[in-house]
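J.: Based on what follows, work out the 3D shape:
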Amino acid sequence: MQESSQKKIEDRASSLWGNDLHKKFHSAPSHCGQIIDIFPNEWQKSMHGHLLEIGCGSGADLNVFSQMDSFSKITAIDLGENIYDLKKQFSTIDRIELVQGNALNLDYHDNSFDAIYSFGIFHHTSSPLKCFKESYRVLKGGGSIFLYLYSSHEDILFKRLGVMLEKIIMKFFSFIPYTLQNIICFLLSPICWFLFSVPANVLYWFNKKNISKKIPFYFGTHPFSLIPDLKDRLMSPINHRFTKNEIELILKSENFNYFKVKKISSGLYIYAKK
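T.: Residues are numbered from 1 along each chain as shown. Below you'll find the model as predicted:
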């Protein structure tokens, strides 16, 4: 039963990201800059040698990594067929290896990588804890891992309400066809933009940046700019959300020698060293 549930999640994830979002929205921005801003010293000291990127998506972060001379080799994996488009895109760079792989079962020997990077992947799997275990296993002693995960937003009212609404819509989506889910996300985008992005932008213009970023979808730029994000969240087969304390307990239980968990309005940013 558990294997059947896991396969259902993986098939849905492969369809949504591998054959839809990451193939259609090639202009997706890189995310690693967010982690660099939060852990600048740790990033500079850790990102070298052999890097593993878990969930390379549209290749935006991989493009950044490809320009870093500190890496002797970069291995990037993703669950979906988008990996084949990326192979063509990066075919001229010998030190980059792209593989169709699974965060829950990394097909690598113990102590294989100097650094691991994964942005927004573990929380979409059937077992984020197993992702942590696998990452720890393949990471070399003294190696570092950088992650982003969804927060439960237990102390931000607007976002907490958004999480509750997200759960309701995801439950409804589980009973309707994929095509209809797409249509609903298309229709929801201008509504969410007007209700959330516009007020957030007004606050930003009045130099209320901290308040602005606590509003859901504060990053919307036009009425249909939220479609990819809505699909990413609402059409996902599963969304795990964590408190800062829960992630710290996981990192401690997995025997990481040192770690930092930074909680901001957009989620949880993690640095850990084996």
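
J.: where do the helices sit along the stretch 151-274 of the chain?
T.: Here the stretch 151-274 of the chain has its helices, by DSSP state H, counting those that start in this stretch, at 157-173, 178-192, 198-205, 209-212, 227-234, 244-253.

J.: Just name the most buried of those helices.
T.: Sort the helices of the stretch 151-274 of the chain by mean neighbour count, taking mean count of other C-beta atoms under 10 Å, and helix 227-234 sits at the top with a mean of 20. No exception for glycine: its C-beta is placed from N, CA and C like everyone else's.

J.: just how off-centre is that helix within its chain?
T.: Centre-to-centre, helix 227-234 and its host chain are 12 Å apart (C-alpha atoms, centre = their mean, to the nearest Å).

J.: Then stretch 114-129?
T.: Remark: stretch 114-129 is offset 7 Å from the chain centroid, using C-alpha atoms, centre = their mean.

J.: mean confidence score for that stretch?
T.: The average of the pLDDT scores along stretch 114-129 is 96.

J.: Please identify the buried residues of that stretch?
T.: Counting neighbours by 16 or more other C-beta atoms under 10 Å, one finds that the buried residues in stretch 114-129 are 114-119, 121-128.

J.: cool, stretch 126-142 as well?
T.: Buried-residue list, stretch 126-142, by 16+ other C-beta under 10 Å: 126-128, 131-132, 134-136, 138-140.

J.: Out of those residues, the closest to F242 would be?
T.: P128 (7.8 Å; C-beta to C-beta).

J.: Ramachandran coordinates for the residue nearest to that closest one when sequence neighbours are not counted?
T.: Closest residue to P128 in three dimensions, ignoring its sequence neighbours and counting by C-beta to C-beta, 6 or more residues apart in numbering: F122, at 4.3 Å. Dihedral pair for F122: phi -50, psi -40, per degrees, to the nearest 10.

J.: Show residues contacting stretch 241-257.
T.: 123, 128-129, 132-133, 136, 149-154, 163, 259, 261, 263, 268, 270, 272-274 (C-beta atoms under 8 Å, 6 or more residues apart in numbering).

J.: cool, stretch 181-197 as well?
T.: By C-beta under 8 Å, 6+ apart, stretch 181-197 touches 173, 215-227, 230-231, 234-235.

J.: who's in contact with Y117?
T.: Residues near Y117 by C-beta under 8 Å, 6+ apart: 32, 35, 47, 51-54, 61, 65, 145-147.

J.: ok, now C32?
T.: By C-beta under 8 Å, 6+ apart, the neighbours of C32 are 61, 64-65, 117, 119, 146.
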